[in-house]
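**Student:** Compute the structure for the input listed below.
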Amino acid sequence: NRFARAREAQSAALLEDYAEMIGDLIEELGEARVADIAKRMGVSQPTATKSVARLKREGLATSRPYRGIFLTEEGTALATRVRARDRTVVEFLIKMGVPKDIAELDAEGIE
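**Tutor:** Take a look at the predicted model:
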């Protein structure tokens, strides 16, 4: 049971990471493409494609042929919550005396 819960938590965290990355790419480039997602996440394009397909099944993202991936309203809300949580962890670490660059890196693992 605890192993199943751990896998579910990891699966949810991965989904959140992809939603956040897609939101970041949309904000920066106007859209998110699988190649850009894969590159930034440090995974292969088939791995990114599989995760994007899951986002779409969950109703968090949409895509159009020969265009990028876009977040739905629910996906955008998720990405916003994840970013806010990330900022909270980073700010906490900085207040604890952790240098900003280290806090940024460590926040992802702590989340």
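**Student:** What segments of this structure are helices?
**Tutor:** Counting by DSSP state H, the chain has helices at residues 2-29, 34-41, 45-57, 73-95, 100-110.
**Student:** Find the centremost residue of the protein, please.
**Tutor:** What sits nearest the mean C-alpha location of the chain, by Cα atoms, centre = their mean, is D17, with 1.9 Å.
**Student:** check contacts around that residue.
**Tutor:** Counting by Cβ atoms under 8 Å, 6 or more residues apart in numbering, D17 makes contact with M41, V82, E108. All C-beta atoms are positioned from the backbone trio N, CA, C, and that covers glycine.
**Student:** ok, back up a step: please convert the helices of the chain to JSON lines, extending it with mean pLDDT.
**Tutor:** As requested, the helices of the chain are exported to JSON lines (pLDDT from 0 to 100):
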{"stretch": "helix 2-29", "mean pLDDT": "88"}
{"stretch": "helix 34-41", "mean pLDDT": "95"}
{"stretch": "helix 45-57", "mean pLDDT": "95"}
{"stretch": "helix 73-95", "mean pLDDT": "93"}
{"stretch": "helix 100-110", "mean pLDDT": "83"}
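**Student:** want to throw those into TSV with distance to Y66?
**Tutor:** Formatted as TSV, these follow (distance: least, Cβ to Cβ, whole Å):
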stretch	distance to Y66
helix 2-29	16
helix 34-41	12
helix 45-57	15
helix 73-95	21
helix 100-110	32
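**Student:** Which of those helices sits closest to P65?
**Tutor:** Comparison of these against P65 by Cβ to Cβ identifies helix 34-41 as nearest, at 12.5 Å.
**Student:** Okay then, goodbye and thanks.
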